[in-house]
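Student: Next one to model:
(chains A and B)
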Protein chains: 2
Amino acid sequence: MIGSLTGGEPFIAVDWGTTNRRAWRIGAGGNVEAACEDAGGIMSLGPGDYTGEVAMLRERLGDLPMLMGGMIGSNRGWRETPYVACPADARALADAIVWIDARTGIIPGVAQERRDAPDVMRGEEVQIIGALASGLVPEDATLCLPGTHAKWVRLRGGRITGFSTWMTGEIFALLGKHSILAPQMAGKARPGPGFAAGVVASADGDPLGHLFALRAAHVLDAPMIDGSGYVSGLLIGAEVRSGLRESGGEVPHMVGRPDLTALYAAAIGQVLGSPGASPSAMEGNAAFRAGCTALLRQFA
Amino acid sequence: MIGSLTGGEPFIAVDWGTTNRRAWRIGAGGNVEAACEDAGGIMSLGPGDYTGEVAMLRERLGDLPMLMGGMIGSNRGWRETPYVACPADARALADAIVWIDARTGIIPGVAQERRDAPDVMRGEEVQIIGALASGLVPEDATLCLPGTHAKWVRLRGGRITGFSTWMTGEIFALLGKHSILAPQMAGKARPGPGFAAGVVASADGDPLGHLFALRAAHVLDAPMIDGSGYVSGLLIGAEVRSGLRESGGEVPHMVGRPDLTALYAAAIGQVLGSPGASPSAMEGNAAFRAGCTALLRQFA
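Tutor: Model (predicted):
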């Protein structure tokens, strides 16, 4: 089923994740006409809740066609949407949308079915298609999408040909919440001297061998000024160094939350020794909306 | 104060840690005559509890002199025992024992007061002195003590000249308890194919970039056989590769829990491409007791 969505008409785009949910009414011209965001992620919902939840979103945003992406399509979500295998492009993703009814669709994730490097994404593929459709990313490029599970993505001819996932965001959160370093990690990570020191310490590729320095410095009465920044710099520094190696030094285009893409840009500039090498960045929600629009255009 | 302990007489050795406490009555010949182990670590005790706790240990093990090491000497323990700075040997440690009374002493930890690599240990220094005193480790050697916060130690002329801490054990526990990988990490890590696969995956020095493969393989219906082993192999593999680089390829002598030293020995053998390169290992509690005995002999 192709559904009733043909692009160019108003619709609702929903980024439905594990914890949170963001929805927008997109006008005929592609502009955001209304939006809502709440904690209604899939972990807060049961199998029987989705019909009502979708009706509620339509009440709030308009009785319109709806396209959803993210964990809503996982086996813990509303309806499991099989992964599209790499190489994947907008056409393949649009063809694999699972239609709950003629105007309510779930976008599939993308899988890298390599035995030596299995990997999956759900939601990021929409942002990637959006960044491409917006013309902010060339058809041959490296993309980096920071987050709980950061993705480094290789695009060739406008297709996702391979990617790798870094648990950087999750590890950072675990350390800040549950580890012996937690008392020294109050506050949000920001670019600055602490972050830069972490990026320097990541140079030998052993981030886990440098974490304890934060604790030791505190115990030795020479505390680091910015523990959060140091740990963030260590983890992001290690990720960026490895990502740049894999990309052959190709500077990635960033897609994501501005506070995160700023940290990555700082680390990349530092690693490459040139703040001017700072990559282009697209805000993640804008990329998601553009991706939904681009997928609908496949049916025009 | 030097106290009444002069070595060669029976005494009680206590390894008093954060969570647990192990105590032994050591006979005049150095043999273990009685032992007890419980969850009476410093986190379960308040400042006023220690006098009673020590009296209780003497009731159970004998009214004897007592030497304690570990977190009991931290600022959260009974009495803060200042760190001895590197380079540190048995003489320096014995001289810096803090005597609560003439027959009750707390062994200091060791600090590496390097601005670029601050580090501290409490308890491991006793095991290191014990391994040296037992003749199982030469005076010039690299030691590895696995654990929550694993230590790699450089010995020169029988002195601890430098060391580094790896949060390998703590990160492994955090991942197994709180992360998205937890459901795939049931069971204890053991040497075997899963562990070996993790050590292989650690070869590019990016352990955090390979963790998510465990989750992805599960989602793609090609689950890894031994998730705990894989994660352990990744983390220990990365640590061992880095430790061997720092030691210039010098195979470390292992001191610690036999299940952990076996994992490290497997990783070291695999990384060096020769199972025969497997390092010597000393059980950690035996090393601790030997260390207490050796420190007392400094007063003989």
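Student: quick one, helices of the stretch 101-250 of chain A?
Tutor: A:124-133, A:168-178, A:193-201, A:212-219, A:227-246 (DSSP state H, counting those that start in this stretch).
Student: do the fourth one and chain B meet at all?
Tutor: I take that to be helix A:212-219. Yes: judged by CB under 8 Å from any CB of the partner chain, helix A:212-219 comes into contact with chain B through A:Phe212, A:Ala213, A:Arg215, A:Ala216, A:Ala217, A:Val219. No exception for glycine: its C-beta is placed from N, CA and C like everyone else's.
Student: ok, so of those, who is nearest B:Gly27?
Tutor: Within the set of these, A:Val219 lies nearest B:Gly27; the separation is 35.7 Å, counting by CB to CB.
Student: Please determine how far the closest one is located from B:Gly70.
Tutor: From A:Val219 over to B:Gly70 the distance is 14 Å, taken as CB to CB, to the nearest Å.
Student: Compare the two and say which one has the larger neighbour count.
Tutor: Set side by side, A:Val219 and B:Gly70 give different neighbour counts by other CB atoms under 10 Å in any protein chain shown, the larger being at B:Gly70 (27 against 18).
Student: Excluding chain neighbours, what is closest to that one?
Tutor: B:Gly123 (3.7 Å; CB to CB, 6 or more residues apart in numbering or on different chains).
Student: Could you do A:Leu211 as well?
Tutor: B:Met167 is the one closest to A:Leu211 (CB to CB, 6+ apart), at 5.0 Å.
Student: how about A:Ala13, secondary structure?
Tutor: Secondary structure of A:Ala13, reduced to three states by DSSP: H, G, I helix; E, B strand; the rest coil: strand.
Student: okay, now the closest residue to A:His253 other than its chain neighbours: neighbour count?
Tutor: Once flanking residues are discounted, A:His253 sits nearest to A:Val137: 4.7 Å by CB to CB, 6+ apart. By the other CB under 10 Å criterion, the neighbourhood of A:Val137 contains 25 residues.
Student: Close to chain B: what parts of the stretch 151-300 of chain A are there?
Tutor: Going by CB under 8 Å from any CB, the residues of the stretch 151-300 of chain A near chain B are A:164-168, A:170-171, A:174-175, A:177-180, A:204-209, A:211-213, A:215-217, A:219-220, A:222, A:235, A:238-239, A:242.
Student: ok, 6 Å please
Tutor: Proximity of the stretch 151-300 of chain A to chain B is assessed by CB under 6 Å from any CB of the partner chain, with A:165-167, A:170, A:174, A:178, A:205-206, A:208-209, A:211-213, A:216-217, A:219-220, A:242 identified as the residues in range.
Student: circling back: with mean pLDDT and distance to A:Met185 as new columns, can the helices of the stretch 101-250 of chain A be given to me in CSV?
Tutor: Compiled in CSV, the helices of the stretch 101-250 of chain A are given as follows (pLDDT from 0 to 100; distance: least, CB to CB, whole Å):
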stretch, mean pLDDT, distance to A:Met185
helix A:124-133, 98, 26
helix A:168-178, 96, 4
helix A:193-201, 96, 11
helix A:212-219, 96, 8
helix A:227-246, 96, 5
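Student: could you dump those to a markdown table with distance to A:Arg257?
Tutor: Converted to a markdown table, the helices of the stretch 101-250 of chain A look like this (distance: least, CB to CB, whole Å):
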| stretch | distance to A:Arg257 |
| --- | --- |
| helix A:124-133 | 11 |
| helix A:168-178 | 10 |
| helix A:193-201 | 16 |
| helix A:212-219 | 24 |
| helix A:227-246 | 13 |
